[in-house]
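Participant: Here is a sequence with its predicted model. Questions after.
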Amino acid sequence: MRILSIVFGVIGAALTVLALTVISGCESPGKAVVNPIERGEYLVTMSGCHDCHSPKIMTEMGPEPDPARLLSGHPANEKLAEIPVDLIGPDKWGAITNNNLTAWAGPWGVSFAANLTPDEVTGTGAWTEESFIQIMRTGKHLGTGRPILPPMPWFNLAKVSDQDLKAIFAYLQSLKPIENMVPAPIPPSGN
């Protein structure tokens, strides 16, 4: 019985170490550290950033992120369809989105997914790593401005480690800059 207890203890300890290694993304001593850009790409993909920040193309499998416009935000030249405001509100729909999932309407008004490519004027090219972390921690545009609007789950990203936020930023800065001036948010009707 004592031997089984020791065996299960060793197996349990080994599984715990393995789980912590996988969860933290660490590698065994002596191996190369994960490339931050690769880690950032993984985190962006796994977190679903393309769902809202990448315009879509229709494929035989349904809508998929347009590889030519990855993370470029709501297309500036896309005409916004009329928003059925009578459908949004208490005991109605909480949000409505366009076909690209890059524009969202709700009680907060209309929000547009930001251009996350490193274009200096229309994207994140003028941001610093510190300002990006501040944005994700505070939920404020550029870290000090207006609130980041739904459906952006900044409050989830606020809990991510600095190391992972730095990796996400490194990946975003590695993208091809795409000039795309996303519209400003539209306040709710009557404001």
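Facilitator: The structure has been received and is ready for your questions. Numbering: from 1, shown residues only.

Participant: what's the nearest residue to the residue sitting nearest the centre point of the chain if we skip its chain neighbours?
Facilitator: Most central in the chain under Cα atoms, centre = their mean is C49, positioned 3.5 Å from the mean C-alpha point. Excluding its sequence neighbours, the residue lying closest to C49 (Cβ to Cβ, 6 or more residues apart in numbering) is L71, at 6.6 Å. Bear in mind the C-beta positions are built from the backbone N, C-alpha and C, glycine included.

Participant: How about S174?
Facilitator: Nearest non-adjacent residue to S174 (Cβ to Cβ, 6+ apart): I37, at 5.0 Å.

Participant: wait, isn't L87 in contact with I96?
Facilitator: Yes: the pair L87 / I96 is scored as a contact, 6.6 Å apart, by Cβ atoms under 8 Å.

Participant: Which one's more surrounded, these two?
Facilitator: Neighbour comparison, L87 and I96: the larger count goes to I96, with 17 against 10 (by other Cβ atoms under 10 Å).

Participant: pLDDT score for the more buried one?
Facilitator: I96 is assigned 92 on the pLDDT scale.

Participant: quick one: what helix or strand has K166 in it?
Facilitator: helix 162-174 (DSSP states H and E).

Participant: contact partners of that helix?
Facilitator: Contact with helix 162-174 is made by 36-41, 43-44, 71, 116-118, 124-125, 127, 129, 132-133, 136, 157, 160, as judged by Cβ atoms under 8 Å, 6 or more residues apart in numbering.

Participant: What of stretch 143-161?
Facilitator: Identification of contacts with stretch 143-161 by Cβ under 8 Å, 6+ apart yields 43, 47, 52, 95, 104, 106, 108-109, 111, 113, 131, 134-141, 165, 168, 185.

Participant: Please parse the protein into its domains.
Facilitator: Taking automatic domain parsing as the reference, the chain has its domains at 1-31, 34-174.

Participant: Return the distance of the longest one from the chain's centre.
Facilitator: Between the centre of domain 34-174 and the centre of its host chain there is 5 Å, according to Cα atoms, centre = their mean, to the nearest Å.

Participant: repeat for stretch 161-177
Facilitator: From the chain centre to the centre of stretch 161-177 is a distance of 11 Å (Cα atoms, centre = their mean).

Participant: What of stretch 178-191?
Facilitator: Worked out by Cα atoms, centre = their mean, stretch 178-191 lies 19 Å from the chain centre.

Participant: Can you dump the C-alpha atoms of it in CSV for me?
Facilitator: Written as CSV, here are the backbone C-alpha positions of stretch 178-191 (Å, rounded to 0.1, in the frame of the first residue of the first chain):
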residue,chain,number,x,y,z
ILE,A,178,-2.7,48.7,-43.5
GLU,A,179,-4.0,52.2,-43.9
ASN,A,180,-7.6,52.1,-42.7
MET,A,181,-9.2,55.0,-40.8
VAL,A,182,-11.9,53.3,-38.7
PRO,A,183,-14.9,55.6,-38.0
ALA,A,184,-15.3,57.2,-34.6
PRO,A,185,-18.0,55.6,-32.3
ILE,A,186,-21.5,56.9,-32.8
PRO,A,187,-23.3,57.8,-29.6
PRO,A,188,-26.7,56.3,-28.8
SER,A,189,-29.7,57.9,-30.5
GLY,A,190,-30.9,61.0,-28.6
ASN,A,191,-27.4,61.9,-27.3
